[in-house]
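Colleague: Just to be clear, the model below is a prediction. Sequence and coordinates:
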Amino acid sequence: MLTPLIPKADLLEIFSSIQGEGVLVGTRQIFLRFPDCHLNCRYCDTDFLKTENCQVESVPGSGDMAPLENPVDFVKVKQLLESWNSELPSSHHSISITGGEPLLHKNILLTWLPELRKILPIYLETNGMLPDELEPLIQYIDWVSMDIKLHSQTGSRTEWDIHRQFLEIANQTDCYVKLVVGDNTPDLELQLAADLVSTISKYIPIVLQPVTVEGQVRVSTKRLLQMQALIADTNPNVRVIPQTHRFMGVL
C-alpha cells in the first residue's frame, strides 16, 4: 500500500521507447529522466536542467508529449506506468532511470524504486561517479549501465578509484561498463579501463560507444576494431555498439 510520505520529484520526461545503447540495445523500456548532473562532459547530448514541467508521453510510443507540472506526484507516476504496462503487456523490458545523473536524487529513489520495481525491473543509467549514493539503492536495481569517463572525451580527469568503488557495488547485480570513445582515445586509457574492470570480474561486459554527431559515427571502423582487440586481450566480453536511437530518430 502506498504511503503519503513518498516524496514528489522533479522530472524531465516520461516516455516509452527503444533502448538505443549498451547490452540491452533494442529492448523497449519506460524512461524516467531526472534532471541535474555534476559533470560537464564535452560529448553530452542531453539537456538536464530542471524545468517547470515534466514532458509526459500521451500515448506510449507515440512521441506526443504533454506537460505535467513539477514536482511530480509519485502516485501519478506509478498509476501511469501501471496503465502502460497493462495496455502493453510484456512489451516493456524494464524501467530506465536516467538523467542527467539520477543518483543525485538518491533520497527520492530510495522511496520510489521499491514501488516501481513491483511494475517492472529497474535499469539504472549512471556516470559511475557516486558510489555512496548507489550502495543503499543497489538492492532495488536489476541492471546498471555504468560509464567510465575517459579524459580524452570528457576533458576532465578520469577518477579511476571512484569508478572502481562504484563498479564493486554495481557488480552485485547485472551490470556493464560503457566507454565513450573517439579517434583520439589513446590505447593507454583503454587498457586502464579494461584492467579496472577485469580486477573486479572479467565477465562484466564492456561496451565501446563511438562518439556520434548528427547521426554520424565519428570513429573509423578500423580504429574501433583496434580498440576492441586491445580490450579483448584483457576482457573478452567487449562489444562495439553505437547510439542506435540517433540513427532511428526515436526518443
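Modeller: Yep, that arrived. These numbers come from a predicted model, not from an experiment. Residues are numbered from 1 along each chain as shown.
Colleague: continuing past the helix or strand harbouring Glu125, what's the next helix or strand?
Modeller: Here Glu125 sits within strand 122-126, counting by DSSP states H and E. For strand 122-126, the following helix or strand on the C-terminal side (DSSP H and E) is helix 131-134.
Colleague: can you give me the helices in the stretch 51-200 of the chain?
Modeller: Chain-ordered helices for the stretch 51-200 of the chain, with DSSP state H, counting those that start in this stretch as the definition, fall at 74-87, 106-116, 131-134, 151-154, 160-170, 187-200.
Colleague: Note down every partner strand of the strand holding Glu125 and its orientation.
Modeller: Under the criterion DSSP bridges, strand 122-126 sits next to strand 94-98 (parallel), strand 143-147 (parallel) in its sheet.
Colleague: Format these as JSON lines; extra columns: mean neighbour count, mean pLDDT and distance to Met227.
Modeller: C-betas here are computed from N, CA, C, even on glycine. Conversion of the strands paired with strand 122-126 to JSON lines gives the following (neighbours: other C-beta atoms under 10 Å; pLDDT from 0 to 100; distance: least, C-beta to C-beta, whole Å):
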{"stretch": "strand 94-98", "mean neighbour count": "24", "mean pLDDT": "98", "distance to Met227": "25"}
{"stretch": "strand 143-147", "mean neighbour count": "23", "mean pLDDT": "98", "distance to Met227": "16"}
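Colleague: Distance to Leu49 added to those strands, as CSV?
Modeller: Shown next, in CSV, are those (distance: least, C-beta to C-beta, whole Å):
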stretch, distance to Leu49
strand 94-98, 15
strand 143-147, 20
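Colleague: now the angle from the strand holding Glu125 to helix 106-116?
Modeller: Orientation of strand 122-126 against helix 106-116 (axes from the mean of the first three to the mean of the last three C-alpha atoms, to 10 degrees) gives an angle of 150 degrees.
Colleague: what packs against the top strand by length along the chain?
Modeller: Ranked by residue count under DSSP state E, the longest strand found in the chain is strand 174-181. In terms of contact count using 3 or more C-beta pairs under 8 Å, 6 or more residues apart in numbering; DSSP states H and E, strand 174-181 is assigned the packing partners strand 143-147, helix 151-154, helix 187-200, strand 206-210.
Colleague: Could you check the angle it makes with helix 187-200?
Modeller: Computed by the same axes, to 10 degrees, the angle between strand 174-181 and helix 187-200 is 170 degrees.
Colleague: Strand 174-181 pairs with which strands?
Modeller: As defined by DSSP bridges, the strand partners of strand 174-181 come to strand 143-147 (parallel), strand 206-210 (parallel).
Colleague: which residues sit in contact with the spatially most central residue of the chain?
Modeller: With distances taken as C-alpha atoms, centre = their mean, the residue of the chain nearest its centroid is Glu125 (1.9 Å). Residues touching Glu125, when contacts are defined by C-beta atoms under 8 Å, 6 or more residues apart in numbering, comprise Ser96, Ile97, Thr98, Gly99, Pro102, Ser145.
Colleague: Name the residues linked to it by a beta bridge.
Modeller: For Glu125, the beta-bridge partners under DSSP bridges are Ser145.
Colleague: How much space separates it from Leu230?
Modeller: The gap separating Glu125 from Leu230 is 25 Å, by C-beta to C-beta, to the nearest Å.
Colleague: and what of Glu135?
Modeller: Glu135 sits at a distance of 32 Å from Leu230 (criterion: C-beta to C-beta).
Colleague: go on, Ile141?
Modeller: Ile141 sits 30 Å away from Leu230, going by C-beta to C-beta.
Colleague: and what of Leu179?
Modeller: Using C-beta to C-beta, which is the criterion applied here, Leu179 is 11 Å from Leu230.
Colleague: Give me the more crowded residue out of these two.
Modeller: In this comparison of Leu179 against Leu230, neighbours counted by other C-beta atoms under 10 Å, the higher total goes to Leu179 at 23 against 14.
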